[in-house]
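Participant: Pasting a predicted model and its sequence here:
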Protein chains: 2
Amino acid sequence: MSVTLSIDAMGGDHAPRMVVAGINRVVARHPDVRFLLFGRELVLRPMLDRFSRVRRVSEVRHTDDVVEPGAKPSAALRSGRSTSMRLAIEAVASGEAEGVVSAGNTGALMAMAKYVLRTLPGIDRPAIAGLGPTIRGQSVVLDLGANVECDAENLVQFAVMGEVFARKVLGLEQPSVGLLNVGEEHLKGNEAVRQAATILQDSNLAIRFHGFVEGNDIAEGTVDVVVTDGFTGNIALKSMEGTARLFTHILRQALRSSPFGRIGGLVATPALRAMRKRVDPRRYDGAMFLGLNGVCVKSHGGTDAIGFSNAIDVAIKLIADGVNEGIKHDYAQLRTSDPNPSTTQQVMNSR
Amino acid sequence: MSVTLSIDAMGGDHAPRMVVAGINRVVARHPDVRFLLFGRELVLRPMLDRFSRVRRVSEVRHTDDVVEPGAKPSAALRSGRSTSMRLAIEAVASGEAEGVVSAGNTGALMAMAKYVLRTLPGIDRPAIAGLGPTIRGQSVVLDLGANVECDAENLVQFAVMGEVFARKVLGLEQPSVGLLNVGEEHLKGNEAVRQAATILQDSNLAIRFHGFVEGNDIAEGTVDVVVTDGFTGNIALKSMEGTARLFTHILRQALRSSPFGRIGGLVATPALRAMRKRVDPRRYDGAMFLGLNGVCVKSHGGTDAIGFSNAIDVAIKLIADGVNEGIKHDYAQLRTSDPNPSTTQQVMNSR
């Protein structure tokens, strides 16, 4: 498949090194993909000379400017017009590239992507979606932090986007969608989730709506798509990351605490390695900005070449599977096929 | 120490069996504590005959009524006046008991406890607080679900209550307090957390306020007290529980997947058992309702005798350490010692 990706080569703690090394891994898997690398030519050139395979499929677009990791999104948007991040996004808007990947400042990337690419018709706000391991396989959670406060309509739009994603990218025929809440009963939770549930239940959406799910359902894989606001989603995801770290720490401590533990740990090394691989956060690198006119993927700020290459894979998959077209199509249909097209509006007005 | 606890003997999936067996464990540790058991005498009597140690320190108060696990809090409050839960709470209000423990319906317990016991002076809303393991030891998180929506003032009150708890019960001299948010920067998050941070920073509270913390900081133990609203806190806690279950599942699968894994797992059995013990949720059973005129502890609905006995221990500790008196004292002092007593109000009004 012939795809061109634009890359913010300067974003991330270990950029641009891990960017080039990451692309090197991708070339082996996707020899047809081409890359536009935005960043400092003087730094990038010598690296490309080392990775000749990357050089052959890449074009460097020089810029000295970068978005600082701690920059405020609004400031980056205002004064970062010649940064590697901004130029990489603009390559998608101009049609030179079909998607952009950056490991830089999340807030700045979202602000710039929203401004430059605009949202898809019918979508008020883009959401950050992420994949994670569950007991049953994997599931997608959104929003992970783009929208700190969400109303019911936002949550319904996230449900549509997440459903399309799970169908197209995870290949599920009828993915189930759950709304994250503090209990499964209809009367629990805040105004926004209760209203969103009413809309998802009453309106004629072609979504398999499971109802409310609780925090533990994320890792248990109760549903394929977990919908929540960006404040709760971000905190839930990071709480889970912290717990995974705590668990690894306690396991390591336990195995080191006694001779039997050490021996057992040694004998079981391959098994423990397989386990670590399954929960390796790098495997799930690549948060997707859904709802934009163009593919935009955020790699983890502290990522390495393996993680960054996975984020690039996510972008390639989003493009190949036509997720944005799917969202556009489904959202348009949802609005016209609803026998009572004002359901949503009615529910919203009844507040 | 001579303490009397009133027990909702009918609350919980495995009640009243695990209640009596749980008390049996407590008697060994605290021979001086006495119990008022509220519930069905016909069921309780034969159990007490089996556990004569429990019988000697318990008095049965018969009632046929129970609060159903799925009952709405408002309905339970209205029509549950002769339930074991309600009568157990009233024994605290009347001074017959110093604290109440129940593994029943959380919402009903909170509604009844709030109505019967009332909140402490200066506290608008009680919060549910829980202890959990961290990489550095343990920390307390509140609110875990009593208040779905919170304003800045609520969060500040939770901070005061959590700080007193950490000082009195965890024995920390100057516990650090963090506000859960989606980023550490001052400009991030919703209105309520930003305002609460301003109040905690500006006013003359004797609290060691760390600032914002993120989801991963809970398990990492970055601060001793994590303050958040009940919606976020409940989802964060349950997300962590789900992750712990996923991890255990993956570890078990990995160790079973190969002969070396199985042998290694066998050799390391004592180490793995020690690990399981450290993260055993029963060890952290006993969610505390802070901010009430009386001690009220909620045990997990699905708990067993071990978990229930730990919840009773929590109640005993709250009473022995005078946590409610501490909250009352600190809150009164906070209001009078503040050189600019209207700081809080000013911040609130500037919304």
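Facilitator: Ah, there it is. Numbers count the residues shown, from 1 in each chain, chains lettered A, B, ... in the order given.
Participant: What is the burial count for the residue in the stretch 51-200 of chain A that chain B sits nearest to?
Facilitator: In the stretch 51-200 of chain A, the residue that lies nearest chain B is A:Val182 (4.4 Å; CB to the nearest CB). To be clear about C-beta, it is placed using only N, CA and C from the backbone, and glycine gets the same treatment. For A:Val182, the count of nearby residues is 24 (other CB atoms under 10 Å in any protein chain shown).
Participant: for A:Asp32, same thing?
Facilitator: When neighbours are counted by other CB under 10 Å, A:Asp32 comes out with 10.
Participant: Spatially, what comes nearest to it if we skip its sequence neighbours?
Facilitator: Using CB to CB, 6 or more residues apart in numbering or on different chains and skipping residues adjacent in sequence, the residue nearest A:Asp32 is A:Ser2, 5.2 Å away.
Participant: just to revisit the earlier point, name the nearest residue to the residue of the stretch 51-200 of chain A closest to chain B, ignoring sequence neighbours.
Facilitator: B:Asn234 (4.4 Å).
Participant: Please apply the same query to A:Val213.
Facilitator: Distances taken as CB to CB, 6+ apart place A:Gly178 nearest to A:Val213, at 3.5 Å, with adjacent residues excluded.
Participant: Kindly confirm my reading that the one you found forms part of a strand.
Facilitator: Yes. Assessed by DSSP: H, G, I helix; E, B strand; the rest coil, A:Gly178 belongs to a strand.
Participant: re earlier: my read: the residue nearest to A:Asp32 touches A:Pro31, true?
Facilitator: No. Look at A:Ser2 against A:Pro31 with CB atoms under 8 Å: they stay out of range, at 10.5 Å.
Participant: what helix or strand is the residue nearest to A:Asp32 on?
Facilitator: Using DSSP states H and E, A:Ser2 is not contained in any helix or strand.
Participant: wait, what's in contact with it?
Facilitator: Going by CB atoms under 8 Å, 6 or more residues apart in numbering or on different chains, A:Ser2 touches A:32-34.
Participant: Poorly predicted segments of the stretch 151-300 of chain A, please.
Facilitator: A:184-187 (pLDDT under 70).
Participant: rerun at 90
Facilitator: For the stretch 151-300 of chain A, the stretches flagged by pLDDT under 90 are A:168-171, A:183-191, A:201-207, A:244-286.
Participant: that older thread, pull up the gap between the residue nearest to A:Val182 and A:Phe209, please.
Facilitator: From B:Asn234 over to A:Phe209 the distance is 21 Å, taken as CB to CB, to the nearest Å.
Participant: higher neighbour count, those two?
Facilitator: Shown here are B:Asn234 and A:Phe209; by other CB under 10 Å, B:Asn234 has more neighbours (28 against 21).
Participant: ok, the more buried one - contacts?
Facilitator: A:182, A:214-215, B:144-145.
Participant: hang on, the earlier thing: report the secondary structure state of the residue nearest to A:Val182.
Facilitator: Secondary structure for B:Asn234, judged by three-state DSSP, is helix.
Participant: same check, this time on the one 3 residues further on
Facilitator: Look at B:Leu237: counting by three-state DSSP, its state is helix.
Participant: so who does it touch?
Facilitator: Counting by CB under 8 Å, 6+ apart, B:Leu237 touches A:215, A:239, B:130, B:132, B:141, B:144.
Participant: Which one of these is nearest to A:Met10?
Facilitator: Nearest to A:Met10 among the contacts of B:Leu237 is A:Ser239, at 30.5 Å by CB to CB.
Participant: Does that closest one touch B:Gly242 like I think?
Facilitator: No. Contact criterion CB under 8 Å: A:Ser239 and B:Gly242 do not qualify, at 9.9 Å.
Participant: higher neighbour count, the two?
Facilitator: A:Ser239 (32 against 25).
Participant: Skipping its backbone neighbours, what lies nearest the more buried one in space?
Facilitator: Once flanking residues are discounted, A:Ser239 sits nearest to B:Gly215: 3.7 Å by CB to CB, 6+ apart.
Participant: quick revisit: please flag which of the contacts of B:Leu237 sit within strands.
Facilitator: Per DSSP state E, strands hold the following members of those: B:130, B:132, B:141.
Participant: Skipping adjacent residues, who's closest to the second one in space?
Facilitator: This means B:Gly132. Among residues not flanking B:Gly132 along the chain, B:Tyr284 sits closest, at 5.6 Å (CB to CB, 6+ apart).
Participant: The one you found and B:Ser139 touch, don't they?
Facilitator: No. The criterion here is CB under 8 Å, and B:Tyr284 misses it with B:Ser139 at 10.9 Å.
Participant: How confident was the prediction at A:Arg136?
Facilitator: A:Arg136 is assigned a predicted lDDT (pLDDT) of 87.
Participant: which SS state does A:Gly183 fall under?
Facilitator: coil.
Participant: Tell me how many other residues crowd it.
Facilitator: Neighbour number of A:Gly183 under other CB under 10 Å is 15.
Participant: For it, which residues are in contact?
Facilitator: A:189, A:212, A:214.
Participant: thinking again about what came up before, kindly state the beta-bridge partners for the residue nearest to A:Val213.
Facilitator: A:Gly211, A:Val226 (DSSP bridges).
Participant: middle-most residue in chain A, spatially?
Facilitator: By CA atoms, centre = their mean, chain A has its centre lying nearest to A:Ala287, at 1.8 Å.
Participant: Contacts only, for A:Phe260.
Facilitator: In this structure, A:Phe260 makes contact with B:267-271, judged by CB under 8 Å, 6+ apart.
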